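> Sequence first, then the predicted structure:
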Amino acid sequence: MATGETGIIGKGIVIKGSLTGGGDLVIEGRVEGQIALKNHLTIESTGKVQADIRAEELTINGEASGNIDASTRVAINASAKVAGDIKAPRIVIEDGAVFNGSIEMDVRLPDDI
């Protein structure tokens, strides 16, 4: 995670609406709506997110449903369940993770390929 402020949405918390911010965010509870962060978002194993997500970096251990747009990296760990389209230059999907959607990696390939 990036250094600086980190917010936490605890296990018993449900948020409906838009979340925006410049710090890191850890979701252990439930979020429905839209998320736009300038830094790192982590969805823990207890976290459930039904939202379109924009962040610099995203790590998913729990459940996410919605489109994802990350400027640097998306990591879908073994315990994760993800449904939606992903756009990021780097994507990691661990063995055991569940993913249903499409992936777009905006990476420039060499001219000779």
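Nice, thanks for sending it over.
> so where's the protein uncertain?
Low-confidence segments of the chain, defined by pLDDT under 70: 1-4, 107, 109, 113.
> Mind doing that once more with 50?
For the chain, applying pLDDT under 50 flags the ranges 1-2.
> Tell me the buried residues in the lengthiest strand in the chain?
For the chain, the longest strand by residue count, based on DSSP state E, is strand 48-60. The neighbour-count criterion (16 or more other C-beta atoms under 10 Å) identifies 48-49, 51-60 as the buried residues of strand 48-60. The C-beta positions use only the backbone N, C-alpha and C, and glycine is treated the same way.
> Of those residues, which pair is most distant in space?
48 and 56 (21.9 Å; C-beta to C-beta).
> picking that back up, make JSON lines from the buried residues of strand 48-60 and add distance to residue 83 to it.
Formatted as JSON lines, the buried residues of strand 48-60 follow (distance: C-beta to C-beta, whole Å):
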{"residue": "48", "distance to residue 83": "12"}
{"residue": "49", "distance to residue 83": "11"}
{"residue": "51", "distance to residue 83": "12"}
{"residue": "52", "distance to residue 83": "12"}
{"residue": "53", "distance to residue 83": "12"}
{"residue": "54", "distance to residue 83": "17"}
{"residue": "55", "distance to residue 83": "18"}
{"residue": "56", "distance to residue 83": "22"}
{"residue": "57", "distance to residue 83": "20"}
{"residue": "58", "distance to residue 83": "14"}
{"residue": "59", "distance to residue 83": "17"}
{"residue": "60", "distance to residue 83": "11"}
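> Sheet-wise, list the partners of the longest strand of the chain with their directions.
When pairing is defined by DSSP bridges, strand 48-60 lines up against strand 30-37 (parallel), strand 40-43 (parallel), strand 63-65 (parallel), strand 68-76 (parallel).
> Much appreciated, bye for now.
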